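Chemist: Generate coordinates for the sequence data below:
(2 chains)
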Amino acid sequence: MSLEIRDITKSFGGFRALDGVRLTIETDALFGIIGPNGAGKSTLFSVISGFVPADSGEIRLNGDPIDGLSPPQRARAGMVRTFQVPREFSHLTVRENLMASAPDQTGESLLGLFFRPGQVRKEEAKIAETVERTIAFLKLGKVADVPSGKLSGGQKKLLELGRALMVEPKLILLDEPFAGVNPVLIGEIMERIEELNARGIGFVIIEHDLEALTRLVPRLAVMDRGKVLAEGAPAAVLEDPVVREAYLGGVS
Amino acid sequence: MFYAQLFVNGLFQGLVIGLAALSITLVFGIARFPNAATGDSMTLGAYAALAAHKASGSFIVAGLGAAGATGLVLLLAYWSVFRKLANRSVVALLVASIGIAFVLRAALGVAFGHGQQVFQVPLARPYLFGGLRILPLDLQMALVALVTLIAVFGLLYLTAIGRQMRAVADNRDLARVSGIRPGRVMIALWLLAGAVAGIAGMMLGMKTIVTPEFGWEMLLPAFTAAILGGIGSPVGAVVAGLILGAMQEVSTPFVGFTYKIAIAFVIMLAVLLVRPRGLFGRVEGVR
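Modeler: Have a look, this model is predicted:
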């Protein structure tokens, strides 16, 4: 079970955001991606999750090419992403945000609503149960009925993780889950990620916070100027002279 | 007592304005354009209700006819016109909705003629509530409005499709990537907005006389209420409709019957100048 990224290139105008990226990521692992600003990390996420089409190259999930799938289709295939700047339905409560993120509900269609009310009620009850479990898991119980626009940065990150969990994913792409989050919540988010990983859900994590990331992931890749410079265990990768030069600016 | 009577009459008027504003605000929140065909959708609802009432003699059937016919026609308008312009500017959609309005008005004129039509409503003695005279018809219509509001808010706040409609209104891009199907949301929206406008049209028709132009004249107060309530806010639209209705009636002795419509203009200007997000509105970012 793996996510294979094969020779992906993507240019915006004259700028080569991704330049032949190759990576193979086990879908049940914790995998980190680091690199300076503009290295192409978020672009790579956008290509993987289907928001931006690649110019060339191929992406396979468990052996099947997924290049033709839209973002929601990729989400249903088990792969979801979060965003660097958290996005939420800001006027809906935390609970409603999670409810709205559950896919394929009979109550989505007016016909279903009127002609299969029994099934709609059963599904709603099941989704509500999943939502309550997710809220408890993420410890968002206190803010469950608060409009999500009023949450703190860290709580929004947790809510994003929760919305991702509603589609019962196998692989979650997290774009800077610790950025702008207070240290206590960082620990909290890391614990949740580790617990989910223990249940078999994989994570690919883009992060600037090197220290947090190296504690979390057994493997990571370093990107710079649209290329993968190195890949491997954090300690080994960070010792790599090419990486030190590019990412740490040669400072020892 | 005189003003209290006007105030109460105004509230009943305000229910009609509020329902029309609700239709406008739903469309604005989710499809993101001011639907200028709302007034003529009301006219359509009134004629549909007249026809259904003549055929069946039942006001319940008339209401269902108004809601159903108007919902379907607006769905058709979405399907044939608005859907194709969805990625164009707001102005394109607004102009298209003005076009739909003209088509509707002309079609109704051809089909039903330009003469005045009235609902055959049995005459009844008004109830007296401590000096306030209230017509049974007004109470019945308030009940209709209440049932409509309960249905709309129940749909919006208690069902999956309603949640998704609010999600799309909140953040359309996020809704799309969350696997919410925009097509379904739009179908529900237009049926709902149409049904609400249709019922508002029937209520207006029962209070006054039905002509092919009479809905169009309601567009200004309805837009004013939608803006006063905070565009995109369903609760705001209804509350603002009631306020506007009451203000129009209470002001009539001062400004005269002819100019009570101007109250809507003044309020709209004042709201736009002083508090553009309205009573219940949110600060919207520039899109």
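Chemist: In the stretch 101-250 of chain A, where is pLDDT below threshold?
Modeler: A:104-108, A:247-250 (pLDDT under 70).
Chemist: if we go to 80?
Modeler: Applying pLDDT under 80 to the stretch 101-250 of chain A flags residues A:103-117, A:208-211, A:243-250.
Chemist: All the strands of it, in order from the start?
Modeler: Shown for the stretch 101-250 of chain A, the strands assigned by DSSP state E, counting those that start in this stretch span residues A:171-175, A:202-206, A:219-224, A:227-232.
Chemist: With chain B instead?
Modeler: B:127-129, B:132-134 (DSSP state E).
Chemist: touching chain A at all, stretch B:156-171?
Modeler: Yes - judged by C-beta under 8 Å from any C-beta of the partner chain, stretch B:156-171 comes into contact with chain A at B:159, B:160, B:161, B:163, B:164, B:166, B:167, B:170, B:171. No exception for glycine: its C-beta is placed from N, CA and C like everyone else's.
Chemist: still on that earlier bit, adding mean neighbour count, write the strands of the stretch 101-250 of chain A out as JSON lines.
Modeler: As requested, the strands of the stretch 101-250 of chain A are exported to JSON lines (neighbours: other C-beta atoms under 10 Å in any protein chain shown):
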{"stretch": "strand A:171-175", "mean neighbour count": "25"}
{"stretch": "strand A:202-206", "mean neighbour count": "24"}
{"stretch": "strand A:219-224", "mean neighbour count": "23"}
{"stretch": "strand A:227-232", "mean neighbour count": "18"}
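Chemist: ok, and the closest non-adjacent residue to residue 26?
Modeler: No chain in the question, so chain A it is. Sequence neighbours aside, residue A:2 is the residue nearest to residue A:26 in space, at 5.4 Å (criterion: C-beta to C-beta, 6 or more residues apart in numbering or on different chains).
Chemist: please go with chain B instead
Modeler: residue B:193 is the one closest to residue B:26 (C-beta to C-beta, 6+ apart), at 4.9 Å.
Chemist: Distance check, that neighbour against residue A:160.
Modeler: 31 Å (C-beta to C-beta, to the nearest Å).
Chemist: which one of those two has more residues nearby?
Modeler: residue B:193 (29 against 24; other C-beta atoms under 10 Å in any protein chain shown).
Chemist: dump the residue contacts of that one.
Modeler: B:23, B:26, B:27, B:35, B:38, B:71, B:74 (C-beta atoms under 8 Å, 6 or more residues apart in numbering or on different chains).
Chemist: Out of those residues, which comes closest to chain A?
Modeler: When these are compared for distance to chain A (C-beta to the nearest C-beta), residue B:71 wins out at 10.1 Å.
Chemist: just checking, the closest one touches residue B:188?
Modeler: No - counting by C-beta atoms under 8 Å, residue B:71 stays clear of residue B:188, with 10.1 Å between them.
Chemist: Would you mind naming what in chain B lies close to chain A?
Modeler: Residues of chain B lying near chain A (C-beta under 8 Å from any C-beta): B:155, B:159-161, B:163-164, B:166-167, B:170-171, B:173-181, B:184, B:187-188, B:191, B:282.
Chemist: Can you select the buried ones from the residues you listed in ChimeraX?
Modeler: Here is the ChimeraX selection string for the buried members of the residues of chain B next to chain A, based on 16 or more other C-beta atoms under 10 Å in any protein chain shown:
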select /B:155,159,160,161,163,164,166,167,170,171,174,175,177,178,179,180,181,184,187,188,191
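Chemist: partners of the most centrally placed residue in chain A in the sheet?
Modeler: By C-alpha atoms, centre = their mean, chain A has its centre lying nearest to residue A:173, at 2.2 Å. Assessed by DSSP bridges, residue A:173 has beta-bridge partners residue A:81, residue A:204.
Chemist: so residue B:104 sits right up against residue B:39, yeah?
Modeler: No - using C-beta under 8 Å, residue B:104 is not in contact with residue B:39, being 9.2 Å away.
Chemist: Report pLDDT for the closest residue to chain A within the stretch 51-200 of chain B.
Modeler: Across the stretch 51-200 of chain B, no residue is closer to chain A than residue B:160, which sits at 3.3 Å (C-beta to the nearest C-beta). At residue B:160, the pLDDT value in this model is 87.
Chemist: Do I have it right that it meets residue A:119?
Modeler: No - contact criterion C-beta under 8 Å: residue B:160 and residue A:119 do not qualify, at 11.5 Å.
Chemist: Contact residues of chain A facing chain B?
Modeler: Applying C-beta under 8 Å from any C-beta, we find that chain A lies next to chain B at A:51, A:71-72, A:75-76, A:87-92, A:96-97, A:99-101, A:103-110, A:113, A:120, A:123-124, A:163, A:167.
Chemist: Show me the helices in the stretch 101-250 of chain A, by range?
Modeler: Remark: helices assigned in the stretch 101-250 of chain A by DSSP state H, counting those that start in this stretch are A:110-115, A:117-137, A:153-165, A:183-198, A:210-216, A:234-239, A:241-247.
Chemist: Please work out which of those helices is packed deepest.
Modeler: helix A:153-165 (a mean of 23; mean count of other C-beta atoms under 10 Å in any protein chain shown).
Chemist: counting contacts, what elements does it pack onto?
Modeler: helix A:94-100, helix A:117-137, strand A:171-175, helix A:183-198 (3 or more C-beta pairs under 8 Å, 6 or more residues apart in numbering or on different chains; DSSP states H and E).
Chemist: which residues touch the shortest one?
Modeler: The one in question is strand A:171-175. A:3, A:27, A:41-42, A:45, A:48-49, A:61, A:78-84, A:161, A:164-165, A:193, A:196, A:201-206.
Chemist: top of the contacts of residue B:193 by neighbour count?
Modeler: residue B:23 leads those on contacts (other C-beta under 10 Å) with 33 neighbours.
Chemist: In contact with residue 10: list those residues for me.
Modeler: Let's take chain A. Counting by C-beta under 8 Å, 6+ apart, residue A:10 has contacts A:16, A:17, A:18, A:40, A:43, A:47, A:52, A:54, A:55, A:226.
Chemist: um, chain B though
Modeler: B:245, B:246, B:247, B:248, B:249, B:250.
Chemist: Can you tell me how far it is from residue B:230?
Modeler: Plainly put, residue B:10 is 21 Å away from residue B:230 if you go by C-beta to C-beta.
Chemist: Could you do residue B:157 as well?
Modeler: Counting by C-beta to C-beta, the gap from residue B:157 to residue B:230 is 17 Å.
Chemist: Neighbour count: these two, which is higher?
Modeler: residue B:230 (24 against 12).
Chemist: Surely that one touches residue B:238?
Modeler: No - the criterion here is C-beta under 8 Å, and residue B:230 misses it with residue B:238 at 11.5 Å.
Chemist: Kindly report the domain assignment for chain A.
Modeler: Here the domain parsing of chain A from automatic domain parsing is A:2-88+A:153-247, A:90-150.
Chemist: Identify the residues contacting residue 163.
Modeler: Answering for chain A, as no chain was given. Residues A:88, A:97, A:98, A:101, B:178 are the ones in contact with residue A:163 under the rule C-beta under 8 Å, 6+ apart.
Chemist: To clarify, I was referring to chain B.
Modeler: Per C-beta under 8 Å, 6+ apart, neighbours of residue B:163: A:92, A:96, A:99, A:100, B:157.
Chemist: Please identify the nearest residue in space to it, excluding sequence neighbours.
Modeler: Closest to residue B:163 by C-beta to C-beta, 6+ apart is residue A:100, at 4.8 Å.
Chemist: ok, now how distant is the residue nearest to residue B:119 when sequence neighbours are not counted from chain A?
Modeler: Using C-beta to C-beta, 6+ apart and skipping the chain neighbours, the partner closest in space to residue B:119 is residue B:206 (4.9 Å). The gap separating residue B:206 from chain A is 27 Å, by C-beta to the nearest C-beta, to the nearest Å.
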